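1. what follows is a predicted protein model with its sequence.
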Amino acid sequence: MDFLTSELLGFEETLQWKSELTKHESIWLDGRLTAGEHAALVKQNHQLDPSSPLAKLIAENVEQKIIASPLLKSFALIRKVHSILISRSEVGDGYGWHVDNPFSKYGRRDISFTLFLSDLSDYEGGELTFQLLQGSKEIRLPAGHIILYPSSSLHCVQPIVRGARFACVGWIESYIQSTEDRSILFNLDAGAKGLLARHGRSDELDLIFQSYANAVRRLSGR
């Protein structure tokens, strides 16, 4: 499975957002309202009313930071960031095994992301877990860190056993639909940039960058 983790928010900014989220009890809704018919059967959490000023502010900020990150842009080849939600899971809450819907009214879902807003010491349980070919993989990241993964992944959020877990989730429509193609392009881009940083520009490297750009153009169908 291809996924990427990175720090997106600084400590102070993450702390400020979490503080704001704990002040507004009235704008939290039943998380099942944003789940598909099957996923709603296994989902139990709360989500910030997406029409609230706080939800809009956080969503805009997260979108801007994702788009501004060279690493995330290279990995996801972002066409659009959309459908951002803020969730709160408390003791007993969780989200059983499911696959994200391929589309929302805002765009195609090629890549999903989870931005962790709670310190690891704030809660127990709540691992973001992926089903692999053999076994599974559990992810718990520090506050302010984000994980990007294919929306086609079978995944779940384990039940919370202590404390509360705040997270921001959303989706990316990529210029490149295929996970395998994105992985090839990401490695090619990373290798070329590494060579540029180590050895400087060369005619041969120009050919690699040309091939990368034309591969993106061809694989995107544009």
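-> Structure's in. What do you need?
2. make it CA atoms for all contacts and neighbour counts henceforth
-> Will do.
3. within its sheet, name the partner strands of the top strand by length along the chain and how each one runs.
-> Looking across the chain with DSSP state E, the single longest strand is strand 78-89. In the sheet, strand 78-89 lines up against strand 46-48 (antiparallel), strand 165-174 (antiparallel) (DSSP bridges).
4. tell me the contacts of residue 102?
-> 108, 109, 110, 151, 152 (C-alpha atoms under 8 Å, 6 or more residues apart in numbering).
5. any idea what the residue nearest the centre of the chain is bridged to?
-> Nearest residue to the geometric centre of the chain (C-alpha atoms, centre = their mean): residue 113, 1.1 Å. Note on residue 113: beta-bridge partners by DSSP bridges are residue 148, residue 170.
6. does it touch residue 155 like I think?
-> No - at 12.0 Å, residue 113 does not count as touching residue 155 under the criterion of C-alpha atoms under 8 Å.
7. burial count for the nearest residue to residue 86 once chain neighbours are set aside?
-> Distances taken as C-alpha to C-alpha, 6 or more residues apart in numbering place residue 168 nearest to residue 86, at 4.3 Å, with adjacent residues excluded. Residue neighbour count, defined by other C-alpha atoms under 10 Å, stands at 22 for residue 168.
8. so who does residue 168 touch?
-> 84, 85, 86, 87, 114, 115, 116, 117.
9. try it again at 6 Å.
-> By C-alpha atoms under 6 Å, 6 or more residues apart in numbering, the residues touching residue 168 are 85, 86, 114, 115.
10. taking strand 165-174 as reference, get the angle to the top helix by length along the chain.
-> When the chain is parsed with DSSP state H, its longest helix is helix 179-199. Going by axes from the mean of the first three to the mean of the last three C-alpha atoms, to 10 degrees, helix 179-199 is angled at 90 degrees with respect to strand 165-174.
11. tell me the buried residues in the helix or strand just after helix 179-199?
-> For helix 179-199, the succeeding helix or strand toward the C-terminus, using DSSP states H and E, is helix 203-219. For helix 203-219, burial by neighbour count (16 or more other C-alpha atoms under 10 Å) applies to 205, 208, 212, 216.
12. just give the closest residue to the second one, not the sequence neighbours.
-> It refers to residue 208. Closest residue to residue 208 in three dimensions, ignoring its sequence neighbours and counting by C-alpha to C-alpha, 6+ apart: residue 192, at 6.9 Å.
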